[in-house]
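Engineer: I would like to see how this sequence folds:
(one chain, ligands or ions: 1)
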Amino acid sequence: MRSPEPPIPSPAEALLHCQFGGWGTGSSCNNSCPNSPGGPGGLSSPSPSPSPSPASSYALTLTPSHIHVQRLAPRPGKEARLILPLSELAGCSCPRAPAPPLLVLYWYPPGRRRKGVSRRRQVRVYLAEARVEAERWSTAIQCLLRGVAITADTEIVKRLLPRPRRLLLLVNPFSGRGQAMQWCQTHILPMIREANISYNLIQTERQNHARELIKEISLPQWDGIIIVSGDGLLHEVINGLMERPDWELAIKTPVGILPCGSGNALAGSINHHAGYDMCLREPLLLNCCFQLCRGGVKPMDLVSVTTSPTPSQNGRPSLPRRMFSFLSVAWGFVSDVDIESERYRGLGSARFTLGTLVRLASLRSYKGRLSYLPPSIVATSPDAIPPPLRRPLSRSITEGLEGFCHTPIQRTSSDMGLSEQRSLRRVDTEREREREMERQRERERRRERARGGGTGVVRASSLAEDREREMEGEAGRSGTSSERSGTSSESNEREDCRMGREDEMTGNMEERPDEERENGTMEQDSGVIEDIEERVRNGEGSSGSMDGVMEAKEVGEGYGGDMGREANEDPEGYYSYPDNLQQTRLALRKNSAPSSQIANAFFSQPLSQEADPMSGASYRAEEMDLNETYFQKEAYPLDIARERALTISSPFRHSPFSFKPKSLDQNTSRPRPLSLLHHPHSNSLPLNSPPCPSPSLPRPLPPRPVPPPLLLLPCSAPQHPQLHLPVSPVPLLYL
Ligand SMILES: Nc1ncnc2c1ncn2[C@@H]1O[C@H](COP(=O)(O)OP(=O)(O)OP(=O)(O)O)[C@@H](O)[C@H]1O
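Structural biologist: I've put the predicted structure just below:
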C-alpha cells in the first residue's frame with residue numbers, strides 16, 4: 001500500500017528545512033520509528049507532562065509530498081531516518097502559548113489488521129527553537145494538505161491558509177449496534193479536530209428528524225453535512241435537501257458518511273473507491289474519517305423513485321410520492337429482509353444474514369410490474385445530440401413477447417410467469433436463418449419429389465411453381481394443343497384460386513416474421529401445414545395416389561377444395577385456413593402450454609383499444625421501439641383480472657411445470673408484520689384491490705422536472721413504487 005521510500009531530498013525540492021529538538025523521552029514514545037531504538041522524536045500527546053528532551057535533536061525537511069525526519073542526536077545514522085508521506089497526515093498544529101513552540105504532526109499510516117487494512121493514529125511532536133518557526137512549519141504543512149501551492153520562495157504566513165472547513169455532523173445514536181456516539185468520542189471527533197475542521201454535532205431524536213432539520217437550516221454556512229450513522233440517515237438528508245425550495249443549490253452541498261450503521265453500504269463503496277481493501281466496523285470508520293479529513297469531493301448519482309398514488313380511506317386519491325435514492329432500490333424479498341431484520345439490530349450487519357435466512361424459510365410471492373420508458377420518450381431539447389441507442393433494461397426478460405405488449409410503459413415482465421418466460425423461444429437471427437434455410441431445403445425436396453414422379457404429396461405452392469414452370473416451357477415450345485391448353489388454363493384457374501388461399505397462408509407464414517415468427521407460432525403454423533399434408537398423404541381429400549407431376553396436381557386440387565370444406569367442418573377449426581391473422585391467432589389458442597394463458601389473456605382483449613379514460617393512461621401511443629417490435633400503437637388498458645392471473649411467482653414455491661393462475665389472496669393469506677403494513681415501501685397488496693389505474697408517465701411533482709432517460713414502473717397496483725433512473729441532480733460526496 002505504501003509507496004517506496006523516496007531518496008533523501010535534494011536542496012532544490014526542499015520547501016523548508018530546520019532543526020528541532022525532541023519532546024518527551026524517546027523511550028516513552030509508542031510511536032517510535034520502527035527502525036530506530038529511540039525513534040525520531042514524538043510523543044503520543046503533546047499536552048500532558050510536557051518535557052523537552054534536550055538530548056535528542058532532529059533535522060526536518062519539508063518537500064511537496066513528504067516530511068523527512070533525520071535524527072541527529074543521540075545517534076545519527078541511516079537507520080534513524082523517518083519519512084512521513086503527507087498523504088498519510090490528517091493534520092498538524094502548533095499549540096498556542098503558553099504551550100512551548102511545538103510542531104505536532106497527526107499521522108495515520110495504514111497498517112494491516114485482522115479485519116483488513118486500517119489506519120493507526122500516531123502523533124509526532126517536535127520542539128522548535130521559536131514559536132515563529134513552529135507556526136511557519138505548521139502553516140506550510142497545512143497549506144500542502146489543503147492543496148495550496150507553495151514553493152521555497154513563498155513567504156509562509158497564516159493568511160495563505162483557506163478558512164477552516166465547517167461541518168454539520170448528524171449522529172443517529174441508535175444506528176447499528178448503538179455505538180455511534182461512543183465512536184464519535186473515540187475516533188471521529190479527535191481526527192476532525194486534528195484536521196483543523198470546525199463542526200457542530202446534532203444527535204437525531206427520531207425518525208425523519210434529520211430530514212426536517214435539513215429542510216430548514218441555512219446551508220451556506222456549512223461546507224458539508226456529515227452523517228455519523230448508516231445509510232438510512234443519509235437517505236433522509238438527501239431527501240431533505242431535495243425537498244427544499246432551493247433544492248438545485250442545496251443538493252450541491254457536499255454530504256459525507258462516517259459508518260456507524262449496520263450495512264454501511266455507501267461507506268464500503270467509498271472505502272473501495274479510495275483503494276483500500278474491504279474492511280468493516282472501526283477500520284472502515286477510520287478509513288472513511290481519514291478521507292473526510294482530507295476533503296476530497298466526488299459527484300454521485302441519485303435515483304428518483306415515484307410511487308403511484310394510493311387510494312386513501314376517504315376515497316380521495318393521495319398524491320404520488322417522490323423520493324430519491326443514492327444506493328439501491330429494492331422491492332420484494334430484499335426490502336422485506338431489510339425491514340423485518342430491524343428486530344435483530346443488536347447483531348450489527350449479521351442481522352441481514354439472519355433476516356435472509358428467516359425470509360428464505362417462509363418465502364412469499366410478490367406481484368409486481370416492471371416497466372420502462374424507451375429513450376424516445378425522454379424529452380430532449382432540439383439541439384441536444386441524441387443519446388446512443390441501447391437495449392432496454394428489461395429486454396432480456398421480455399423478448400419473445402411481441403404482440404403481447406401494451407403501450408411502452410406498460411410493457412412488463414410480469415405479463416408472464418417465470419416458467420412461461422423460459423418456455424418462450426428467444427428470437428435469434430442465427431436460428432431464424434437456419435430455419436429459413438431448412439424451409440428452403442424442404443421446398444427443394446418437395447419439388448424433387450414432384451419431378452421425380454414418385455407417388456407423394458407436394459405442397460400446393462410447389463405444385464403451383466412447377467405448374468408455372470411447365471406452362472412457361474409449354475408456351476416456349478408453342479406447339480400445344482388447344483384442348484390441352486384449355487385444360488391447363490382451367491387447371492390453372494382453379495389452382496390460382498387455391499394458390500391464392502395457400503399463398504395467403506404461406507404468405508402469412510413467411511411475411512409476418514415481425515408478428516408471429518418471433519412469437520414462436522411459426523412452428524405451430526408449420527405444424528398445421530404438416531398435418532394437412534399428412535392427411536392428404538393418407539388419402540383424405542384425394543381420389544387416390546397418382547404418379548407424376550400431373551397426378552400430384554390433381555392431389556393438389558383435392559387438397560385445395562376438399563380439404564377446405566373438411567376443415568370448415570372440423571369443430572376444432574384446426575384445419576381451417578385462417579382468413580386473416582386474427583384467425584391464425586385464434587387457432588393457436590389450443591396451445592396447452594402455460595403460454596396459452598398468455599395467449600388467452602391477450603386474445604381476449606381487442607387488438608386495438610382506446611385508452612381507458614379511467615385508467616389514467618395519459619401517455620401517447622408509441623409505434624415501435626429500437627427493435628421495431630415492442631409497442632403497439634394503441635394504449636392498452638389494464639385488466640385487473642388479467643393482471644392477477646399473470647404474475648411473477650417465486651421460483652422456489654411453484655414448480656414451473658404445474659402452472660396455475662395465482663390470485664391476490666395468495667399474498668395476503670399470510671399475516672404480514674405490522675411494520676410492513678405501515679411502511680411506505682410495503683410490498684403487501686390490499687385484499688380487495690380496486691381496479692388499478694394504469695401506471696402513467698411520472699407526474700411531474702412540482703417543482704423539479706428531472707428528465708428520466710430510463711424509467712422503471714414496477715407495478716400496476718397503486719401500492720407499488722414507480723422507479724425512475726434519471727440523470728439527476730448530483731449530490732457531492734466527501735471522499
Ligand atoms: N433517534 C432516532 N431514533 C430512532 N430512529 C432514528 C433516530 N435517528 C434516526 N433514526 C432512523 O433510523 C433509521 C436507521 O438508521 P441508519 O440507517 O442510520 O442505521 P442502520 O439501519 O443501522 O444502518 P444501515 O442503513 O447502514 O444498515 C433511519 O432511517 C432513521 O430514520
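
Engineer: Check which helix or strand Ile67 maps to.
Structural biologist: Using DSSP states H and E, Ile67 falls within strand 66-73.

Engineer: what about stretch 341-349 and the ligand, touching?
Structural biologist: No: using CB under 6 Å from any ligand atom, stretch 341-349 stays clear of the ligand, coming no nearer than 6.5 Å. For glycine as for every other residue, the C-beta is placed from the backbone atoms N, C-alpha and C.

Engineer: What distance separates the opening and closing residues of that stretch?
Structural biologist: Start-to-end span of stretch 341-349 (CA to CA, to the nearest Å) is 10 Å.

Engineer: Break this structure down into its structural domains.
Structural biologist: The chain breaks down by automatic domain parsing into domains covering 16-160, 166-295, 429-474+484-588.

Engineer: ok, is the second one in contact with the ligand or not?
Structural biologist: Yes: contact check for domain 166-295 against the ligand, using CB under 6 Å from any ligand atom: residues in range are 172, 174-176, 204-209, 229-233, 236, 261-264.

Engineer: Just the buried ones from the residues you listed?
Structural biologist: 172, 174-176, 204, 209, 229-233, 236, 261-264 (16 or more other CB atoms under 10 Å).

Engineer: Show only the entries of those residues found in helices.
Structural biologist: Secondary structure from DSSP state H places His209, Asp231, Gly232, Leu233, Glu236 of those in helices.

Engineer: Buried ones in the strand holding Ile67, by neighbour count?
Structural biologist: Buried residues in strand 66-73, counted by 16+ other CB under 10 Å: His66, Ile67, His68, Val69, Gln70, Arg71, Leu72.

Engineer: What pairs with that strand, parallel or antiparallel?
Structural biologist: Using DSSP bridges, strand 66-73 pairs in its sheet with strand 52-62 (antiparallel), strand 81-85 (antiparallel).

Engineer: want to throw those strands into JSON lines with mean neighbour count?
Structural biologist: Shown next, in JSON lines, are the strands paired with strand 66-73 (neighbours: other CB atoms under 10 Å):
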{"stretch": "strand 52-62", "mean neighbour count": "19"}
{"stretch": "strand 81-85", "mean neighbour count": "19"}
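
Engineer: Quick one: closest of the ones you listed to Ala97.
Structural biologist: Evaluated with CB to CB, those place strand 52-62 nearest to Ala97, the distance being 15.6 Å.

Engineer: The helix or strand hosting Ile238 packs against which elements?
Structural biologist: Of the helices and strands defined by DSSP H and E, Ile238 is found in helix 231-242. Packing contacts for helix 231-242, counted by 3 or more CB pairs under 8 Å, 6 or more residues apart in numbering; DSSP states H and E, involve helix 209-216, strand 224-229, helix 247-250, strand 254-259, helix 265-273, strand 322-325.

Engineer: what do you get if the cut-off is 10 Å, keeping everything else the same?
Structural biologist: Packing contacts for helix 231-242, counted by 3 or more CB pairs under 10 Å, 6 or more residues apart in numbering; DSSP states H and E, involve strand 166-171, helix 209-216, strand 224-229, helix 247-250, strand 254-259, helix 265-273, strand 322-325.

Engineer: I'd like the average pLDDT over the second one.
Structural biologist: Here helix 209-216 scores 96 as its mean pLDDT.

Engineer: how about it: buried residues?
Structural biologist: Buried residues in helix 209-216, counted by 16+ other CB under 10 Å: His209, Ala210, Arg211, Leu213, Ile214, Lys215.

Engineer: Adding distance to Arg441, write those residues out as TSV.
Structural biologist: As requested, the buried residues of helix 209-216 are arranged in TSV below (distance: CB to CB, whole Å):
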residue	distance to Arg441
His209	74
Ala210	71
Arg211	68
Leu213	75
Ile214	71
Lys215	72
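
Engineer: Out of those residues, which comes closest to Gly111?
Structural biologist: Relative to Gly111, the closest of the buried residues of helix 209-216 is Ala210; by CB to CB it sits at 33.9 Å.

Engineer: Now for the closest residue to that closest one other than its chain neighbours: which residues touch it?
Structural biologist: The shortest distance from Ala210 to any non-neighbouring residue, by CB to CB, 6 or more residues apart in numbering, is to Glu236 (4.5 Å). Contact partners of Glu236, counting by CB atoms under 10 Å, 6 or more residues apart in numbering, are 170, 172, 204, 207-214, 227, 229.

Engineer: residues contacting whichever residue of the chain sits closest to the ligand?
Structural biologist: Among the residues of the chain, Gly230 lies nearest to the ligand; the distance is 1.8 Å by CB to the nearest ligand atom. Contact analysis of Gly230 by CB under 10 Å, 6+ apart lists 172, 174-176, 180, 257, 259-267, 349.

Engineer: Double-check that Ser365 belongs to a strand.
Structural biologist: No: counting by DSSP: H, G, I helix; E, B strand; the rest coil, Ser365 falls outside a strand, being coil.

Engineer: Around the ligand, which positions in this protein sit nearby?
Structural biologist: Counting by CB under 6 Å from any ligand atom, the positions of the chain adjacent to the ligand are 172, 174-176, 204-209, 229-233, 236, 261-264.

Engineer: mind showing which ranges of this structure have poor pLDDT?
Structural biologist: For the chain, applying pLDDT under 70 flags the ranges 1-9, 11-12, 24-54, 76-79, 112-117, 310-315, 317, 375-428, 451-735.

Engineer: Report the buried residues of stretch 99-115.
Structural biologist: Buried, per 16+ other CB under 10 Å, within stretch 99-115: Pro100, Pro101, Leu102, Leu103, Val104, Leu105, Tyr106, Trp107, Tyr108, Pro110.

Engineer: Ala90 is in contact with the fifth one, correct?
Structural biologist: No: with contacts defined as CB atoms under 10 Å, Val104 does not count as touching Ala90, sitting 11.2 Å away.

Engineer: Count the residues that sit near Phe185.
Structural biologist: Not Phe; residue 185 is Gln. 9 (other CB atoms under 10 Å).

Engineer: where does it land in three-state SS?
Structural biologist: Secondary structure, three-state DSSP: Gln185 is helix.

Engineer: Now do it against Leu258, distance only.
Structural biologist: For Gln185, the distance to Leu258 (CB to CB, to the nearest Å) stands at 13 Å.
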